[in-house]
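[1] what would the 3D arrangement of this be:
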Amino acid sequence: MKKTKGIILAGGAGSRLYPLSKIYSKQLVAVYDKPMIYYPFSMLISVGINEILIISDENTLPFYEKLFGNGNDLGLEISYALQKEPNGIAEAFIIGEKFIGNDNVALILGDNIFYGNISFFTNAVKNNKIATIFAIYVKEPERYGVIEFDKDNNPISIIEKPKEFVSNFAVPGFYIYNKSVVEIAKKLKPSARNELEITDINQHYLTQGTIDVIKIKQGVAWLDCGTPESLLDASNLIASIEQRQGLKIACPEEAALNQNFLTIEKFKEYLNSIPNCDYKKYLENILKKYKDYENIK
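    Reported below is the predicted structural model:
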């Protein structure tokens, strides 16, 4: 089974969040109690990926480096790369060519949040052959890349922000490919908005009959935090769930521990580096649960 590496594309102008985005990248804006990038970062860890490349602009990369470092304290390998201009999602594969190497790659957008039972994402990462994307039912499909299905429920086309109704199934910002995606990205021509479009990559695989499209079932929330309204909705949802259940959504330390990327001893060492706060108390409770479990065993 091929190893899968992860890329977070956390750049972009963030113009819809102006003036928040005037100071720093939107992926550093708080979604309730954590920076936005914690959510896609934790997602990659939760599906079993511990080698991660973060791509962003020159001004923002130092903030991510301060936030995550090299990842070794969590059993991860984190590296960073520069995207000089927001030239489109597909450019991530060109920038990340050396990082990808001969492995598979899962790309997640830095402003996408998924919540719910994500086991099907984990299975998709493990079972990807050439290309895998997802389809989720949305109310306003015209805002996204949309998948058209035939009467037998087979995907037949992918259209970026269609002006006329195609279907209610949008492609969320999580994509899995083998190494062939790099060469496909290199051959793309910029779209009318002067970007290398991820939709063109997906359409290429669809034409070749080499892409798997997995419909996301009810019970999984997908939030695209690109507007003030969606940012507020995401914060309210996360706050409601965390306050009612006493759990943290998108806690990379907990995810790394669950994936056995770090030991209990390393987890303890990491705790010592965190200032006293509610977040540390949560991690201390996680540690206590693990100790209780070990005692039971």
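
[2] do you know how far the closest residue to Lys34 other than its chain neighbours is from Gly116?
    Leaving out its chain neighbours, the residue that sits closest to Lys34 by CB to CB, 6 or more residues apart in numbering is Ala250, at 6.0 Å. All C-beta atoms are positioned from the backbone trio N, CA, C, and that covers glycine. Counting by CB to CB, to the nearest Å, the separation of Ala250 from Gly116 is 13 Å.

[3] comparing the two, which residue is more hemmed in?
    In terms of neighbours (other CB atoms under 10 Å), Ala250 is the more surrounded of Ala250 and Gly116; the figures are 26 against 13.

[4] and the more buried one, helix, strand or coil?
    With DSSP: H, G, I helix; E, B strand; the rest coil as the basis, Ala250 sits in coil.

[5] also Glu142?
    Once three-state DSSP is applied, Glu142 turns out helix.

[6] now do the contacts for it.
    Counting by CB atoms under 8 Å, 6 or more residues apart in numbering, Glu142 makes contact with Lys161, Pro162, Lys163, Phe165.

[7] take these and write them to TSV, including neighbour count, pLDDT and secondary structure.
    Listed next are the contacts of Glu142 as TSV, based on neighbours: other CB atoms under 10 Å; pLDDT from 0 to 100; DSSP: H, G, I helix; E, B strand; the rest coil:
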residue	neighbour count	pLDDT	secondary structure
Lys161	13	88	coil
Pro162	16	90	coil
Lys163	7	90	coil
Phe165	9	92	coil
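
[8] let me know the closest of those to Ala30.
    Of all these, Ala30 sits closest to Lys161, with 28.2 Å by CB to CB.

[9] so how far is Leu206 from that closest one?
    Counting by CB to CB, the gap from Lys161 to Leu206 is 17 Å.

[10] with Ile89 instead?
    Per CB to CB, Ile89 is found 16 Å from Leu206.

[11] in the worst-scoring helix or strand of the chain on mean pLDDT, which residues are buried?
    Using mean pLDDT, DSSP states H and E, the weakest-scoring helix or strand in the chain turns out to be helix 20-23, at a mean of 76. Going by neighbour count (16 or more other CB atoms under 10 Å), the buried part of helix 20-23 is Ser21.

[12] tally of neighbours for the closest residue to Arg16 other than its chain neighbours?
    Excluding its sequence neighbours, the residue lying closest to Arg16 (CB to CB, 6+ apart) is Thr227, at 5.0 Å. As a burial measure, Thr227 scores 13 neighbours (other CB under 10 Å).

[13] kindly provide the distance from Thr227 to Arg193.
    Distance from Thr227 to Arg193, by CB to CB: 18 Å.

[14] and Ser42, by the same measure?
    31 Å.

[15] do the same with Val182
    From Val182 to Arg193 the distance is 22 Å (CB to CB).

[16] now do the same contact list for the residue nearest to Lys34.
    Lys34, Tyr38, Tyr39, Phe41, Ser42, Met43, Ile113, Ile238.

[17] now do 10 Å
    Contacts for Ala250 (CB atoms under 10 Å, 6 or more residues apart in numbering) come out as 31-43, 45-46, 113-115, 238, 242.

[18] so which of the residues you listed are in helices?
    Those of the contacts of Ala250 mapping onto helices are Tyr38, Tyr39, Pro40, Phe41, Ser42, Met43, Ile45, Ser46, Ile238, Glu242, per DSSP state H.

[19] and for the third one, nearest residue in space, chain neighbours not counted?
    By that I understand Pro40. Nearest residue to Pro40 in three dimensions, chain neighbours excluded: Ile108, at 4.3 Å (CB to CB, 6+ apart).

[20] which SSE is that neighbour in?
    Ile108 is located in strand 104-109, with elements delineated by DSSP states H and E.

[21] what pairs with that strand, parallel or antiparallel?
    strand 4-9 (parallel), strand 174-177 (antiparallel) (DSSP bridges).

[22] need the per-residue pLDDT for Glu142.
    We have a pLDDT of 90 for Glu142.

[23] need the phi and psi values for Ala81.
    Here is the backbone geometry of Ala81 (degrees, to the nearest 10): phi -150, psi 150.
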